[in-house]
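1. what follows is a predicted protein model with its sequence.
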Amino acid sequence: MLPSLLLTTALVTAVPGDVPRAGASPDELPLLAVVAPPQEDGAVHAVAEPPKPPVSRTVRVVSEVLVAGAAGTLTGALGGYLGCVGSLSSHDSCSDGTVAAGALSGFGLAVAAMVPLTGSYFDARGSPWVSWFGEALGAGAALAIGQGSASRLLWVGPPLMLAGAVLGYELSTSPAAPVHKGSVGMVTVVPSIGPDGHTGLVVAGRF
């Protein structure tokens, strides 16, 4: 009995004081603190691009006239050539009316496509339907002026059709929407640890 008591006393006195003993109350246990390693804040710098300055109406109209006029001239020449080939007679002569019809058809199709495309490239937001209606009015005026003369129709038809298409498209344009200019400062991404142990990211910034 005495040797066992001496051995127990020696073991108890040999244990360090900061090691919890069996049967000890929770108040006597040492407090353990878990400290997360420091993490660097990730900073993302965002710079707002300046809005593209709007193009003036003069530049847009000149571009529509030049682009549509050039495309219409090429397709009109092709249409006139096809009309001439299709109307060749035994004397190797072309019909003036067929040539004029082919040339004006090719010119009108190119103008109807290129005027809205060129205007939309400059963010004009015009109506293609109004542009085509203006082109049709120009063609009607050319027919009235031509009075059945194919050569006169070829001279007055393309300018009036092009002018009607451009004028109709420009009259149907809507004003550009106002651009809200905003400045973006510094956006900071901070990692965080919740009370339940889940980690996440907190985004904060100055706008």
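-> Alright, I've got the coordinates. Residues are numbered from 1 along each chain as shown.
2. the helices in the protein, which residues?
-> Using DSSP state H, the helices of the chain run over 2-14, 57-86, 96-121, 128-146, 150-171.
3. the longest one: which residues count as buried?
-> Buried residues in helix 57-86, counted by 16 or more other CB atoms under 10 Å: 60-61, 64-65, 67-69, 71-72, 75-76, 79-80, 82-84. (C-beta placed from N, C-alpha, C; glycine too.)
4. tabulate the helices of the chain (a markdown table), appending mean pLDDT.
-> Formatted as a markdown table, the helices of the chain follow (pLDDT from 0 to 100):
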| stretch | mean pLDDT |
| --- | --- |
| helix 2-14 | 48 |
| helix 57-86 | 92 |
| helix 96-121 | 93 |
| helix 128-146 | 93 |
| helix 150-171 | 93 |
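5. what's stretch 114-125 in contact with?
-> Applying CB atoms under 8 Å, 6 or more residues apart in numbering, the contact partners of stretch 114-125 are 54-55, 59-60, 63-64, 67-68, 71-72, 126, 128, 131, 135, 162, 165-166, 169-170, 173-174, 176.
6. check contacts around Val55.
-> Val55 makes contact with Phe122, Asp123, according to CB under 8 Å, 6+ apart.
7. now it: how far from Pro158?
-> 26 Å (CB to CB, to the nearest Å).
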